[in-house]
Structure formats: C-alpha cells, structure tokens
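Participant: Sequence plus predicted model, see below.
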Amino acid sequence: MGDLPPGEPSDPLTARWEGLSRGSRVWADGDSATGFVRGGLHPDIAQDLYTLPSEVLLVSYAKSLLWGTHYAAALMDRVRDAGRVIDILSDRNANLRKQVEEVRAGAAPEAVAAAEQRASDLDAEATRLRSELKASEERNKELQMHLKASVAEARSARGESVELIRRLEESRAEAQGAAEALAVEIRQRTEKDKKLIEDYKDSSGF
C-alpha cells in the first residue's frame, strides 16, 4: 500500500502477489521471492515465521535488538570522537592565527599569505566538520528515539507472547482434561447403561 502506482481514485487495484499461492516457498524459490514488494516481507523472515517456534523467534528478536543497541552505542562514540577532532582543529587554527600575527610584521608577504591561506583552509575544514557533526548528532537523536521505541515494542511483544503462550498452555491443559473426562465417560457409559437395565429388571414394575 506504500507504493501504489499513480492513477485515478476509481481505477481498480491489481494484486502484486497474484502468482503466489499458500504453498509457495518464498524463502527457497528465487522467482517467488521476487514477487514480494521490496521491504514488504523478506524471504528469510518468511522462513523464520513459518518454520521457527515462538521461543526461538523471541530469542532472535532479542539478539537483533542487542545488535541495534551496540550499533547505536558505536555511533554515539563516533559522534563524540568527531567532536573532539573538531575541538583539536579549532585549537590548532587559533594557535596558527596567533603565529601569523606574531610574524606578520617581520615576515615576507609570501609567508604571511601562505600562513593566512592555511588558516583559512583550516577554518573551512572546521566549518565542514561542524556541519557534519551537527548532522550526526541529529541522526544520533533519531536513532536513540528509534531504539527506545524498539525496546518498548520488544518488551511489549515479549510480554504479549509470553501471555499468549501461557493462555495456549492453559487451553491445551483444559482440552486435554476435557478429552480425558470424555474418555472416562465413554468407558463408564456401557457399565452405567448395563446397571440401569439391571436395576430396571429388578424393579417391581418389570
């Protein structure tokens, strides 16, 4: 639904997966896998969803979340490192400008021009790095927000999965108990019917 072709509101929609069936092994058949919308359902994810038990899926999701946390931490470290590099460049630029002022009076014009050009280049580099650092900080904030949302979603999904598994086990236990009770009732039914017949025969009205 996120990549609909342009057209009029009244135009009919054409199914993208009309050539696929319930028995299509999208994780094993490359031709079937190409029928899926990009990003809609990955073949490996489809295989896991249809072949792995819930407990294994939860463990896999937890590992993916852990790798995401590791990536976020590494990105934050790189942002801090970039900030330190910019500070070092700024300090060097300040020292260079100080040296330019000290030698301006007695140095040759060529040397002063070269030093000023170098200082200007360092200013431009520092400005570029500051811009990249700001963009990295923005991406870092977005990643942290996404990570927090993923953690909350994972906890909620895990809690719901555990609750569903518990309810499923309870339903299985109830079904098993009902089946056992029914089996006992069936076994005892013949004896009960026989006893009822015998009691009726022994009654005074028979």
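Facilitator: Right, received. Where do you want to start?

Participant: quick one, helices of the protein?
Facilitator: Along the chain, the stretches classed as helices by DSSP state H are 30-33, 43-51, 54-103, 109-202.

Participant: My guess is Q99 contacts A114. True?
Facilitator: No: in this structure, Q99 is not within contact of A114 by Cβ atoms under 8 Å, at 11.9 Å. All C-beta spots, glycine's among them, are computed from the backbone N, C-alpha and C.

Participant: Let me have the helices of the chain in a markdown table, adding mean neighbour count as columns.
Facilitator: Formatted as a markdown table, the helices of the chain follow (neighbours: other Cβ atoms under 10 Å):
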| stretch | mean neighbour count |
| --- | --- |
| helix 30-33 | 13 |
| helix 43-51 | 13 |
| helix 54-103 | 13 |
| helix 109-202 | 12 |
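
Participant: export those helices to TSV and tack on mean pLDDT?
Facilitator: Below are the helices of the chain laid out as TSV (pLDDT from 0 to 100):
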stretch	mean pLDDT
helix 30-33	58
helix 43-51	61
helix 54-103	70
helix 109-202	75
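
Participant: domain ranges for the protein?
Facilitator: The record's domain parsing of the chain by automatic domain parsing lists 14-51, 52-187.

Participant: For the longest one, give the distance from the opening residue to the closing one.
Facilitator: This means domain 52-187. One end of domain 52-187 to the other measures 39 Å (Cα to Cα, to the nearest Å).

Participant: any idea how far L89 lies from E101?
Facilitator: Distance, L89 to E101, using Cβ to Cβ, to the nearest Å: 19 Å.

Participant: can you check I165 too?
Facilitator: I165 is 74 Å from E101, by Cβ to Cβ.

Participant: next one: L122
Facilitator: For L122, the distance to E101 (Cβ to Cβ) stands at 15 Å.

Participant: what's the answer for E132, then?
Facilitator: Separation of E132 from E101 (Cβ to Cβ) stands at 29 Å.

Participant: Ok, D81 next?
Facilitator: Applying Cβ to Cβ, the value for D81 to E101 is 31 Å.

Participant: now swap in R80 and tell me
Facilitator: Separation of R80 from E101 (Cβ to Cβ): 32 Å.

Participant: Equivalent analysis for E116, please.
Facilitator: To E101, E116 is 10 Å away according to Cβ to Cβ.

Participant: cool, R172 as well?
Facilitator: With Cβ to Cβ as the criterion, R172 and E101 are 84 Å apart.

Participant: With R78 instead?
Facilitator: According to Cβ to Cβ, R78 stands 35 Å off from E101.

Participant: Then A183?
Facilitator: From A183 across to E101, the span is 100 Å (Cβ to Cβ).
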